[in-house]
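> My questions are about this predicted structure, shown below with the sequence.
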Amino acid sequence: MKKTVVFLLVAAMIVGPLVAVFVYLGMDDNGDEDLFSDIPQPVIRSNRFVDLRGLDVPLADFTGDGGIFHTFSFDTATQWPDDENLPEPGLPGKLLEQGKYLGLGLNALRERGITGQGVTVAVIDKPLLQEHQAFGSRMKYIEVGPAGSGTDRLSFHGAHVAGLLAGTDGVAPDAILYYFAVHESESPYFQYAEAINKMLELQQELPEQDKIRVAAVAQGVENPRISEGAPELFEAIAKARQQGIIVIYPGMSSLPVTGAGCPPHLDRDNPGNYEVWSWTRAKRDIAGKLKARSASSWEDAVYMLKQMLVYEESLDSLLAAAIETFLGVAYTYRDYVDFHDWLAMVLDETEEALAVPVDCITVPNSNGENEYTYYGSGGLSWSIGYIAGMATLGVQVKPDATEQEMVKLLWDTATPFQWSLRLANPAGFIERLTSP
């Protein structure tokens, strides 16, 4: 029981900023009303990390936001004010273009012809816009599960993952892409297992030189013991690996992953310009404030967190999401996890994880053939597209490389980063794979 609680707690803590845990819920009759009642709406005092995707803001004045404009999230559908109300003329379009380059030496690899050419890959995710210019004729689209239920929506997530892996601005832009579109279902694990099995059926029909070598599976498993269909999903992943397919999915125990980002105006090839994932920084910032204010119990923390939502100086949307997530954690886990243990976990600097770009990047979306989204603060689950892209480059230069070899070298060649983290190093990874 304790292991399950800790696992779920960790899952709640690493959830991305755009899907924070909210706690504006009806409380039960066990005395929780006093502690969790009257949770205030956040009083946002800063535009930092503001989300403007799909919005019309023609009357806004952003002239004072030049130092934080790169933290905004927006897309090609966002309607902006005239240039005199922007920090500099045409800045949103400039950031959209700059954010397409994923940095860390990828341009140098492209110049050497290391682009995923000749490698076939797969993405298993929700339906996306097939006609997006980022994929063109290189993408072959296969639907999985019943469609037309009325609940199916085109997925921004699938477009992001596929774009990072094999889009025109992705890590492996010349790879051949099979996209398995998983339609909405009450049993997602079964659906993703079905998609992998369908991929393996296709694999048997493909000529040897065209067989799928790398697969990015969007569906992670929060708790294999209690999640219906999880055993079937893991069995399908195991079958794929037995057939020589490198499978990358969220929460892989063999390669813990976190995020990073480089402001677009800096040299994105220089590892020294990268910062730890914005969501990690936000959580640590709020946890640090709790520690500095000598919070000694869940009750202290809840009181302080509610105060922060209203009175915290320069509160931005990401910090507010972190506060709300912590309130959700307090409500859910205070009877199972010691407060000091939880606080120490959030502030822990010993976790080893590979950091890949998810902040300050531009990725395809599913709103139109030429539509893109720029994220000042991105989602960690997209990282599977980036990791799968690096594995694709590895297969191009060393076709017989194994998943175990890839994972080990991804870590061994990474650049020391903050704390115990390492930053992805595509050039170093390729160099080690090709060295005698």
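Structure's in. What do you need? Residues are numbered from 1 along each chain as shown.

> So which bits of the helix or strand that contains residue 431 are buried?
Assigned by DSSP states H and E, residue 431 falls within helix 426-434. By neighbour count with 16 or more other C-beta atoms under 10 Å, helix 426-434 contains the buried residues 426-430, 432-433. C-beta coordinates here come from the backbone N, C-alpha and C atoms, glycine included.

> ditto for stretch 315-323
Across stretch 315-323, burial judged by 16+ other C-beta under 10 Å covers 315-323.

> Let me see the residues that make contact with it.
17, 20, 42-51, 278-279, 282-283, 285-286, 305, 308-309, 312, 377 (C-beta atoms under 8 Å, 6 or more residues apart in numbering).

> and with 6 Å instead?
17, 20, 42, 44-46, 48-50, 282-283, 286, 305, 308-309, 377 (C-beta atoms under 6 Å, 6 or more residues apart in numbering).

> Would you pull up how far stretch 236-252 lies from the middle of the chain?
19 Å (C-alpha atoms, centre = their mean, to the nearest Å).

> Run through the chain and note the low-pLDDT ranges.
1-33, 147-152, 221-226 (pLDDT under 70).

> residue boundaries of the strands in it?
Shown for the chain, the strands assigned by DSSP state E span residues 74-75, 120-125, 139-144, 176-182, 212-217, 246-248, 257-261, 275-276, 354-359, 361-364, 372-375, 415-416, 422-423.

> Output those strands in a markdown table; the columns should cover mean neighbour count and distance to residue 202.
A markdown table is the format used below for those (neighbours: other C-beta atoms under 10 Å; distance: least, C-beta to C-beta, whole Å):
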| stretch | mean neighbour count | distance to residue 202 |
| --- | --- | --- |
| strand 74-75 | 23 | 33 |
| strand 120-125 | 28 | 9 |
| strand 139-144 | 16 | 7 |
| strand 176-182 | 23 | 7 |
| strand 212-217 | 27 | 8 |
| strand 246-248 | 25 | 15 |
| strand 257-261 | 26 | 27 |
| strand 275-276 | 18 | 39 |
| strand 354-359 | 27 | 28 |
| strand 361-364 | 27 | 24 |
| strand 372-375 | 26 | 29 |
| strand 415-416 | 12 | 37 |
| strand 422-423 | 20 | 35 |
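
> mind putting the ones you listed in a markdown table, distance to residue 98 included?
Shown next, in a markdown table, are the strands of the chain (distance: least, C-beta to C-beta, whole Å):
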| stretch | distance to residue 98 |
| --- | --- |
| strand 74-75 | 13 |
| strand 120-125 | 25 |
| strand 139-144 | 25 |
| strand 176-182 | 25 |
| strand 212-217 | 25 |
| strand 246-248 | 27 |
| strand 257-261 | 12 |
| strand 275-276 | 16 |
| strand 354-359 | 13 |
| strand 361-364 | 8 |
| strand 372-375 | 9 |
| strand 415-416 | 21 |
| strand 422-423 | 19 |
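
> How many residues are close by the spatially closest residue to residue 375 that is not a sequence neighbour?
Distance criterion C-beta to C-beta, 6 or more residues apart in numbering; nearest residue to residue 375, sequence neighbours excluded, is residue 73 at 4.9 Å. Counted by other C-beta atoms under 10 Å, the residues lying close to residue 73 total 20.

> List the contacts of residue 73.
51, 53, 375-376.

> Go through the residues you listed and name the one nearest residue 173.
Using C-beta to C-beta, residue 375 is the member of the contacts of residue 73 that sits closest to residue 173, with 19.5 Å.

> quick one: that closest one from residue 38, how far?
Per C-beta to C-beta, to the nearest Å, residue 375 is found 33 Å from residue 38.

> what about the helices in this structure?
2-14, 32-36, 91-98, 106-111, 156-166, 188-205, 230-242, 278-292, 298-311, 317-333, 339-347, 383-397, 403-412, 426-434 (DSSP state H).

> Can you add distance to residue 60 and give these back as TSV?
Converted to TSV, the helices of the chain look like this (distance: least, C-beta to C-beta, whole Å):
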stretch	distance to residue 60
helix 2-14	32
helix 32-36	34
helix 91-98	12
helix 106-111	34
helix 156-166	23
helix 188-205	38
helix 230-242	45
helix 278-292	22
helix 298-311	23
helix 317-333	15
helix 339-347	34
helix 383-397	32
helix 403-412	42
helix 426-434	38
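
> Which one, of those, ends up nearest to residue 173?
Closest to residue 173 of the helices of the chain is helix 156-166 (C-beta to C-beta; 6.5 Å).

> Can you show me the CA trace of that closest one as PDB?
Taking Å, rounded to 0.1, in the frame of the first residue of the first chain, the C-alpha atoms of helix 156-166 are listed here in PDB:
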ATOM      1  CA  PHE A 156      -2.200  18.500 -30.200                       C
ATOM      2  CA  HIS A 157      -0.200  16.000 -28.200                       C
ATOM      3  CA  GLY A 158       0.200  13.600 -31.100                       C
ATOM      4  CA  ALA A 159       1.300  16.400 -33.400                       C
ATOM      5  CA  HIS A 160       3.900  17.600 -30.800                       C
ATOM      6  CA  VAL A 161       5.400  14.100 -30.300                       C
ATOM      7  CA  ALA A 162       5.500  13.300 -34.000                       C
ATOM      8  CA  GLY A 163       6.800  16.700 -34.800                       C
ATOM      9  CA  LEU A 164       9.700  16.400 -32.300                       C
ATOM     10  CA  LEU A 165      10.600  13.000 -33.600                       C
ATOM     11  CA  ALA A 166      10.200  13.300 -37.400                       C
END
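
> how far off strand 139-144 does that helix point, in degrees?
Helix 156-166 runs at 140 degrees relative to strand 139-144, counting by axes from the mean of the first three to the mean of the last three C-alpha atoms, to 10 degrees.

> can you give me how far helix 156-166 is from the chain middle?
Remark: helix 156-166 is offset 10 Å from the chain centroid, using C-alpha atoms, centre = their mean.

> Likewise for stretch 254-270?
Taking C-alpha atoms, centre = their mean, the mean C-alpha location of stretch 254-270 is offset from the chain mean by 12 Å.

> just stretch 276-286 next, same as before
The answer for stretch 276-286 is 14 Å, by C-alpha atoms, centre = their mean.

> For that stretch, buried residues please.
276-284, 286.

> how close does the residue nearest to residue 263 when sequence neighbours are not counted sit to residue 282?
Sequence neighbours aside, residue 70 is the residue nearest to residue 263 in space, at 4.7 Å (criterion: C-beta to C-beta, 6+ apart). Between residue 70 and residue 282 the computed distance is 16 Å (C-beta to C-beta).
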